[in-house]
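Q: structure for this input, please:
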Amino acid sequence: MDKLSDKILIVDDELHIQTLFQRILAKEGYSVDGASSAEEALKRLEAEWFDLLITDLRIPGLDGIELLKQAKQFNHTLPCIVLTAYGSIDSAVRAMKEGAFDYLTKPVNNEEIKLVVRNALELHRLTREVEILRNQIKDENKNFNIIGRSKPMRDLFRLVKLVANTQTTILIQGESGTGKELIARAIHNLSPRRERPFIAIDCGALPETLLESELFGHVRGSFTGAVANKKGLFEEADGGTILLDEIGDTTAGFQSKLLRVLQENEIRPVGSNKTTKVDVRVLSATNKDLKQEVEQKNFRHDLYYRLAVVPITVPPLRRRSEDIPLLSQHFVQKYCKQNGLECKQIKATTLRKLLDYPWPGNVRELENVIERAVLLSPGPEIGPEALSQEHQPEEKFQELLPEVAKGALEVIEKEKIQEALQRTRGKRSHAARLLGISRATLYNKLKRYQLSH
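A: Have a look, this model is predicted:
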């Protein structure tokens, strides 16, 4: 984000402290305003947008901690840095427990000021981006129940919407943990069958005989333990959708029987000589390359072409790293709520580590990591120390991380600006309000991204 758009409010009753911060930070390209009391600061915060609050703990009227609390009412994502005398560290720690980003001790060090301010503004930028995007995609993806705004996910959503209204069979492919079942549920929810059952079964978890019984049913006495007739899942799902998960792990014998079901639209319970017509849409999913399995004669080629009339591939998380901030904050909210905790924020340094990790376990692994981090973070923020050692990237890569995060988020930011301008027919003031930024900030971004609106 352009530094010229970053606006900082420094609150201190000592004018020379205000002047010192204005001199240091103005050279860095920031816009810095001053206030001498908490009451004056609150009036400014109510009337104007600021990206960062820097306040002394001891100021006339309300103290710095109470100012911090009330400032959040105007901008709940506003980061705050507190200033304290050397002998009042305990007060600064208390302020951080109340949500302060960091503290600086007087006399302040110029380089430390620059570093802490830069980190605080980066956190604010990332938090705002995540919040804006989350609100904007909530309605767009309400039928998907999937978090994602990267190009691979937008392409996937478009394909799902195109095929959902049809009756065709669909093969959903992707690595473990990418959300294949969520895509299957989205297809069902967007289809005319949405009011009928959606049933998923893990085909790889059951032996062939038991899998046949589960899907097609059985009659009493057909095998040991069959003490009564049982209706299969195909009958249970009649009129709806069935997902055959891990279809690539099934045996040749089962594949032959499934092919017949797809060809005839009828099932035969185990041990019966009668068939029953069923109206079920079949979706299947696998983490294997089924084409390769066909070539290696591990999977029937005729069944493959029946199942894969429309193949859909769910991208791995490493190919949609732009979604990591959005997903991470979603999981933070989920597990804070689940455990009765106040919602925490993810530190910028933590987010950079998450962006650099390759995520072999995909979204499922990210969710597990965030759940653990929420439980291991006692304060209002989730720091990198809450991540397990394997999720701590090598030190030599750290210099690349800011650019990874910056590049991913800038792509999203540019797109959202274009969408806002289209929705407001090019009216910049209206677009700025829609995006939650000032008109000056929008002008800076238009210039930066060379947008012609």
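Q: residue 101: neighbour count?
A: 27 (other CB atoms under 10 Å). Placement of C-beta: from N, CA and C, glycine included.
Q: again, but for the one 10 residues further on
A: Residues contacting residue 111 under the criterion other CB under 10 Å number 9.
Q: need the pLDDT of it.
A: Confidence at residue 111, expressed as pLDDT, is 87.
Q: what helix or strand is it located in?
A: helix 110-140 (DSSP states H and E).
Q: list the buried ones in the helix or strand just after that helix?
A: As assigned by DSSP H and E, the chain's next helix or strand after helix 110-140 is helix 151-164. Going by neighbour count (16 or more other CB atoms under 10 Å), the buried part of helix 151-164 is 152, 153, 154, 156, 157, 159, 160, 163, 164.
Q: same for helix 151-164, what does it pack against?
A: helix 180-189, strand 310-313 (3 or more CB pairs under 8 Å, 6 or more residues apart in numbering; DSSP states H and E).
Q: repeat that with 7 Å
A: Secondary-structure packing of helix 151-164 (3 or more CB pairs under 7 Å, 6 or more residues apart in numbering; DSSP states H and E): helix 180-189.
Q: how far out from the middle of the chain is the helix it packs on?
A: On the basis of CA atoms, centre = their mean, to the nearest Å, helix 180-189 sits 18 Å off its chain's mean C-alpha point.
Q: okay, the angle between that helix and helix 151-164?
A: 40 degrees (axes from the mean of the first three to the mean of the last three CA atoms, to 10 degrees).
Q: and for the following helix or strand past helix 180-189, what's in contact with it?
A: Note on helix 180-189: by DSSP H and E, the next helix or strand toward the C-terminus is strand 198-202. With CB atoms under 7 Å, 6 or more residues apart in numbering as the test, strand 198-202 has contacts from 181, 184-185, 188, 214-215, 233, 236-237, 240-246.
Q: parallel or antiparallel, which strands does strand 198-202 pair with?
A: Its sheet considered, strand 198-202 pairs with strand 241-245 (parallel) by DSSP bridges.
Q: what's the offset of the partner strand from the middle of its chain?
A: 26 Å.
Q: same deal with stretch 50-69?
A: Taking mean C-alpha positions (CA atoms, centre = their mean), stretch 50-69 and its chain are 32 Å apart.
Q: buried ones in that stretch?
A: Buried residues in stretch 50-69 (16+ other CB under 10 Å): 50-57, 59, 62-65, 67-68.
Q: CA-only coordinates of that stretch in PDB, if you can.
A: In PDB, the C-alpha atoms belonging to stretch 50-69 read as follows (Å, rounded to 0.1, in the frame of the first residue of the first chain):
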ATOM      1  CA  PHE A  50      -6.500   7.000  10.600                       C
ATOM      2  CA  ASP A  51      -4.300   4.000   9.900                       C
ATOM      3  CA  LEU A  52      -2.400   4.100  13.100                       C
ATOM      4  CA  LEU A  53      -2.700   5.500  16.600                       C
ATOM      5  CA  ILE A  54       0.400   6.300  18.700                       C
ATOM      6  CA  THR A  55      -0.400   7.500  22.200                       C
ATOM      7  CA  ASP A  56       1.400   8.200  25.400                       C
ATOM      8  CA  LEU A  57       0.100   6.200  28.400                       C
ATOM      9  CA  ARG A  58      -0.100   9.300  30.600                       C
ATOM     10  CA  ILE A  59      -2.200  12.000  28.800                       C
ATOM     11  CA  PRO A  60      -4.700  14.600  30.200                       C
ATOM     12  CA  GLY A  61      -8.200  13.200  30.600                       C
ATOM     13  CA  LEU A  62      -8.500   9.500  29.800                       C
ATOM     14  CA  ASP A  63      -5.300   7.500  30.000                       C
ATOM     15  CA  GLY A  64      -3.800   5.800  27.000                       C
ATOM     16  CA  ILE A  65      -5.400   2.400  27.600                       C
ATOM     17  CA  GLU A  66      -8.900   3.900  27.800                       C
ATOM     18  CA  LEU A  67      -8.200   5.900  24.700                       C
ATOM     19  CA  LEU A  68      -7.200   2.700  22.900                       C
ATOM     20  CA  LYS A  69     -10.400   1.000  23.900                       C
END
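Q: contacts for it next, please.
A: Here stretch 50-69 has contacts from 6-13, 21, 37-39, 41, 71, 78-84, 88, 91-92, 94-95, 98-100, 117, 120-121, 124, using CB under 7 Å, 6+ apart.
Q: now residue 101: phi and psi?
A: Main-chain dihedrals, residue 101, degrees, to the nearest 10: phi -70, psi -40.
Q: which non-adjacent residue is nearest it?
A: residue 79 (4.1 Å; CB to CB, 6 or more residues apart in numbering).
Q: can you lay out the buried residues of helix 151-164 as CSV showing pLDDT and distance to residue 210?
A: Shown next, in CSV, are the buried residues of helix 151-164 (pLDDT from 0 to 100; distance: CB to CB, whole Å):
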residue, pLDDT, distance to residue 210
152, 92, 37
153, 92, 36
154, 89, 40
156, 94, 33
157, 92, 36
159, 94, 34
160, 94, 31
163, 94, 31
164, 93, 31
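Q: how about those in a markdown table, adding distance to residue 323?
A: Output for these, formatted as a markdown table (distance: CB to CB, whole Å):
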| residue | distance to residue 323 |
| --- | --- |
| 152 | 9 |
| 153 | 6 |
| 154 | 10 |
| 156 | 11 |
| 157 | 12 |
| 159 | 17 |
| 160 | 16 |
| 163 | 22 |
| 164 | 21 |
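Q: sorry, back to before: among the buried residues of stretch 50-69, which pair sits farthest apart?
A: 51 and 63 (22.7 Å; CB to CB).
Q: residues in contact with residue 24?
A: Counted by CB under 7 Å, 6+ apart, residue 24 has contacts 110, 113, 114.
Q: what's the local residue count around the first one?
A: Using other CB under 10 Å as the criterion, residue 110 is surrounded by 11 other residues.
Q: quick one: which helix or strand includes the residue nearest to it when sequence neighbours are not counted?
A: Computed as CB to CB, 6+ apart, the closest residue to residue 110 that is not its neighbour in sequence is residue 24, at 5.5 Å. Under the criterion of DSSP H and E, residue 24 resides in helix 15-27.
Q: using PDB, write out every CA atom in that helix.
A: What follows is helix 15-27, C-alpha atoms only, in PDB (Å, rounded to 0.1, in the frame of the first residue of the first chain):
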ATOM      1  CA  LEU A  15       4.600  19.200  22.000                       C
ATOM      2  CA  HIS A  16       8.200  18.300  21.400                       C
ATOM      3  CA  ILE A  17       7.300  14.500  21.300                       C
ATOM      4  CA  GLN A  18       4.600  15.300  18.700                       C
ATOM      5  CA  THR A  19       7.100  17.300  16.700                       C
ATOM      6  CA  LEU A  20       9.700  14.500  16.900                       C
ATOM      7  CA  PHE A  21       7.400  11.800  15.600                       C
ATOM      8  CA  GLN A  22       6.100  14.100  12.800                       C
ATOM      9  CA  ARG A  23       9.700  14.900  11.700                       C
ATOM     10  CA  ILE A  24      10.800  11.200  11.700                       C
ATOM     11  CA  LEU A  25       7.700   9.800  10.100                       C
ATOM     12  CA  ALA A  26       7.200  12.500   7.500                       C
ATOM     13  CA  LYS A  27      10.600  11.700   6.100                       C
END
